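[1] take this sequence and fold it.
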Amino acid sequence: METVELLDILGNENRRRILQLLSFRPFYFNEMAKRLDVGPKAVISHLDMLERAGLIECYRDNRRRKYFRIVDCLVMEVVVTPHTYGVRTYRPEGTIQKNVHRSPDLDQLSARLRELEEKRHQLRCLLEEIEAEAMETKRLGIDLIDEDTEDQLEAETLIALLSGEASTEYLAEMLRMSPLLVEDCLQRLAVLGKVRKKDGRWSI
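    As a prediction, the model looks like this:
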């Protein structure tokens with residue numbers, strides 16, 4: 001599912017409440033509706049949307065009760081700065097050593113989770129530093145572009161290419177412009193030596 005659609009789905013408070021509830025354990029429908037204090041039809045609609053988005057799945061126990069659970073880990077990053085807007089989703093991959101401790105007690109598990117939370121905090125601090133430097137670097141690039149261009153579309157196209165190469169179609173989608181118009185702009189910039197094209201993708 002597209003990231004924009006996921007944002008729309010997660011923008012609903014009741015759907016977020018459902019996911020929060022399911023983060024504790026699987027729930028069956030009636031139990032969930034009662035816990036959320038939301039009408040059955042609305043809960044069904046929310047569950048259906050979350051299921052179609054691939055965020056949750058259902059299964060039946062030996063009493064034929066229909067349970068819902070979160071499918072997998074999904075991470076969504078949203079970056080909004082004066083010069084950047086971006087949304088990225090991914091599912092973490094990697095080898096999880098499930099058998100490091102065959103019979104851990106609750107204290108061990110809690111201590112390990114605290115260690116991992118500290119690592120997550122350190123990573124967030126590093127990401128904040130990287131984002132601050134990236135924002136300042138992009139600002140400097142935009143200043144240079146503004147000084148060197150008079151055409152607004154050319155300036156916006158160069159700004160879009162600051163962070164990396166892209167196809168004409170992708171740039172047109174970013175700029176909300178006609179692909180033909182963007183292609184014409186890119187050709188002008190190429191003649192001026194400001195951009196180049198390789199394997200169907202443009203870069204500065």
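
[2] by contact count, what packs against the longest helix along the chain?
    Once the chain is assigned using DSSP state H, the helix that runs over the most residues is helix 106-148. Secondary-structure packing of helix 106-148 (3 or more Cβ pairs under 8 Å, 6 or more residues apart in numbering; DSSP states H and E): strand 75-81, strand 84-90, helix 152-161. Placement of C-beta: from N, CA and C, glycine included.

[3] any regions of the chain where pLDDT drops low?
    Along the chain, the parts satisfying pLDDT under 70 run over 1, 94-103.

[4] could you list the domains of it?
    3-70, 106-148, 150-203 (automatic domain parsing).

[5] what angle do the longest helix of the chain and strand 84-90 make?
    Calculated by axes from the mean of the first three to the mean of the last three Cα atoms, to 10 degrees, helix 106-148 forms an angle of 140 degrees with strand 84-90.

[6] now do helix 106-148 against helix 152-161, angle only.
    150 degrees.

[7] and the angle for helix 106-148 with strand 75-81?
    Going by the same axes, to 10 degrees, helix 106-148 makes 40 degrees with strand 75-81.

[8] using the three-state scheme, assign the residue located most distally from the centre of the chain.
    Farthest-out residue of the chain from its mean C-alpha position, per Cα atoms, centre = their mean: residue 63, at 37.7 Å. Under DSSP: H, G, I helix; E, B strand; the rest coil, residue 63 falls in the coil class.

[9] for it, what are phi and psi?
    phi -100, psi 10 (degrees, to the nearest 10).

[10] please report the distance of it from residue 22.
    19 Å (Cβ to Cβ, to the nearest Å).
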